[in-house]
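[1] Predicted model, plus sequence, below.
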Amino acid sequence: MRWIESGRGRRTIALAVAFALAACARGGLAPTPAEFPLHATDQQFDLSWRLALGEDRAVATGVVARRNGEVSDAWLQLVGLDAAGHIVSFNSLSHVRWASPWDVEPFTLELRPRGGEQRFEVRVKAFLYQEGAPTKG
């Protein structure tokens, strides 16, 4: 106990607590759009993601940024397109809800390709406006 009561002990504990808080804060930060290689604009949203292709699935992980603070909900979909741009595979809709004032929310979308996909896109299929939706401001 004497060590803790000394000035050096208090400084050590304060430093350990500061490092722990900094680690928690860093781990809790959401990714930013700049961290992703693929980008698209769809309706009232900016989409940023990375695509991981496996033998039996495609996974898009990224963030959706609303450009209007009154948007409260969006439904996203990952689609596989053939060389002509026709949809050949898609996943079920994934719901994103803005429950905080931040404009960027993360998402993960997964689909099982059916064959013939030349590229994949993340799309906004629907969204809702809500007066009084959480905004920064």
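    Received the coordinates, thanks. These numbers were taken from a predicted model, which means no experiment stands behind them. Residues are numbered from 1 along each chain as shown.

[2] Could you verify my assumption that residue 116 touches residue 84?
    No: the criterion here is C-beta atoms under 8 Å, and residue 116 misses it with residue 84 at 9.9 Å. (Glycine included, C-beta is placed from N, CA and C.)

[3] The residue nearest the centre of the chain sits in which helix or strand?
    Centroid-nearest residue in the chain: residue 106, 1.6 Å away (criterion: C-alpha atoms, centre = their mean). Taking DSSP states H and E as the criterion, residue 106 maps to strand 104-111.

[4] Could you list every helix and strand in contact with that strand?
    Contacting strand 104-111 under the criterion 3 or more C-beta pairs under 8 Å, 6 or more residues apart in numbering; DSSP states H and E are the following elements: strand 58-66, strand 71-81, strand 94-97, strand 119-129.

[5] Can you read off the pLDDT for the residue nearest to the centre of the chain?
    Looking at residue 106, its pLDDT reads 96.

[6] Report the contact partners of it.
    30, 31, 61, 62, 63 (C-beta atoms under 8 Å, 6 or more residues apart in numbering).

[7] if I look at it, how far off is residue 63?
    Residue 106 is 5 Å from residue 63, where distance means C-beta to C-beta, to the nearest Å.

[8] okay, and the common contacts of those two?
    Common neighbours of residue 106 and residue 63 are listed as 30, 31 (criterion: C-beta under 8 Å, 6+ apart).

[9] Would you map out the domains in this protein?
    By the assignment in automatic domain parsing, the chain contains the domains 1-30, 33-129.

[10] State the mean pLDDT of the first one.
    What that stands for is domain 1-30. The average pLDDT within domain 1-30 is 51.

[11] count of neighbours near residue 85?
    The tally of other residues near residue 85 (other C-beta atoms under 10 Å) stands at 9.

[12] where does it land in three-state SS?
    Secondary structure assignment for residue 85 (DSSP: H, G, I helix; E, B strand; the rest coil): coil.

[13] hmm, back to that, nearest to residue 48 among the helices and strands packed on strand 104-111 would be which one?
    For those, the distance to residue 48 is smallest for strand 58-66, at 5.1 Å, taking C-beta to C-beta.

[14] Are there helices or strands packed against that closest one, and which ones?
    strand 45-53, strand 71-81, strand 104-111, strand 119-129.
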